[in-house]
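Colleague: Sequence and predicted model, in that order:
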Amino acid sequence: MSYPWHHEQPEAVVFDMDGTLLNSGDFGVVAITRAFESMIAQGRLPGVDAPPPPQAIREQIGKPPAVFYRELLPDTFQHVHAELHHQTTLHEREFLTTGVGNLFEGTLEVLQALKASGLRLALVSNCSRPYMDCVVEVFGLDRWLEHRDCVGDKSIPGRNKSALVGQALQAMGARRGLMVGDRVHDAEAAQANGLWFVACTYGYGRDEEFASAHARINDIRHLPGLLRQA
């Protein structure tokens, strides 16, 4: 099969993190569930008897923290979203540093192969800085990344994934490339920056979020094969 990048050499690949490189669904759901349980036990969420169901949590993965945690909380508890996020991050760090949280199988080999082929690699996520720093540190991702950035904890006008992807391309001196991700934010970032979009169907997005994808993969290990003819 022919893809557009087979006719115009890509210079860079920009990766999303959760649901693309990091298999955060299982440990992330547990981390948020534990944070809810802790706050319920402390009486911080009166009237809330149980955490949201796992599927409701999974559907939030990939959204900016300022949106992610607010949408999991009832309207009357919007003021504790930062505390919920903080407690979740503590659990996530514990899981990551003890080997409970993992990258998708083959991720490091894919990064190595793409880097060795001369592509510039970047990581851009909607997550918070402490979370990204922990993931990158635990798995040593800076060995392959030329640039990385995240939206962060606070909602700042103009600071979104599309803008950060544009900044990543500028920092790397790249014009042509691919955006690899699993949510609509990745599709939007690709379109905003003139990138080809590769949708990771094994992540947390729904099929309708991939309508603009130039290609779809159900395993990160399939990515090098898509680029081999480039």
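Modeller: Done, it's in. Numbers count the residues shown, from 1 in each chain.
Colleague: Poorly predicted segments of the protein, please.
Modeller: 229-230 (pLDDT under 70).
Colleague: Which residue ranges make up the domains of it?
Modeller: 4-23+102-227, 25-97 (automatic domain parsing).
Colleague: can you map out the strands along the protein?
Modeller: 12-15, 22-23, 102-103, 120-125, 147-150, 177-181, 196-200, 215-217 (DSSP state E).
Colleague: Out of those, which one sits most buried?
Modeller: strand 177-181 (a mean of 30; mean count of other CB atoms under 10 Å). Every residue, glycine included, has its C-beta placed from N, CA and C.
Colleague: In this structure Pro64 contacts Val151, no?
Modeller: Yes: if you go by CB atoms under 8 Å, Pro64 and Val151 touch, sitting 4.8 Å apart.
Colleague: Now tabulate the strands of the chain in JSON lines and tack on distance to Gln87.
Modeller: Formatted as JSON lines, those follow (distance: least, CB to CB, whole Å):
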{"stretch": "strand 12-15", "distance to Gln87": "27"}
{"stretch": "strand 22-23", "distance to Gln87": "20"}
{"stretch": "strand 102-103", "distance to Gln87": "22"}
{"stretch": "strand 120-125", "distance to Gln87": "20"}
{"stretch": "strand 147-150", "distance to Gln87": "19"}
{"stretch": "strand 177-181", "distance to Gln87": "27"}
{"stretch": "strand 196-200", "distance to Gln87": "28"}
{"stretch": "strand 215-217", "distance to Gln87": "34"}
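Colleague: Return the most buried member of the domains of the chain.
Modeller: Highest mean neighbour count among those (mean count of other CB under 10 Å): domain 4-23+102-227, a mean of 19.
Colleague: Straight-line length of that one, end to end?
Modeller: 10 Å (CA to CA, to the nearest Å).
Colleague: same question, stretch 96-103
Modeller: Per CA to CA, stretch 96-103 runs 10 Å from first to last residue.
Colleague: which residues touch that stretch?
Modeller: 21-24, 27-28, 92, 94-95, 134-135, 138-139 (CB atoms under 8 Å, 6 or more residues apart in numbering).
Colleague: again, but for stretch 18-26
Modeller: Contacts of stretch 18-26 (CB under 8 Å, 6+ apart): 15, 17, 28, 58, 61-62, 92, 101-104, 107, 123, 125, 127, 135, 141, 180-183, 186, 200, 202-205, 220.
Colleague: Distance-wise, check Leu123 relative to His222.
Modeller: 19 Å (CB to CB, to the nearest Å).
Colleague: Tell me who's in contact with the residue nearest to Arg221 when sequence neighbours are not counted.
Modeller: Leaving aside its sequence neighbours, Arg221 sits nearest to Gly106 (CB to CB, 6 or more residues apart in numbering; 3.9 Å). If you count contacts by CB under 8 Å, 6+ apart, Gly106 has them with 219-221.
Colleague: Serialize these to CSV and add fields for distance to Trp5.
Modeller: Listed next are those as CSV, based on distance: CB to CB, whole Å:
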residue, distance to Trp5
Asp219, 19
Ile220, 17
Arg221, 18
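Colleague: Ala82: which of those residues is nearest?
Modeller: Nearest to Ala82 among those, counting by CB to CB, is Ile220 at 32.1 Å.
Colleague: For that closest one, which non-adjacent residue is closest in space?
Modeller: Closest to Ile220 by CB to CB, 6+ apart is Phe104, at 5.0 Å.
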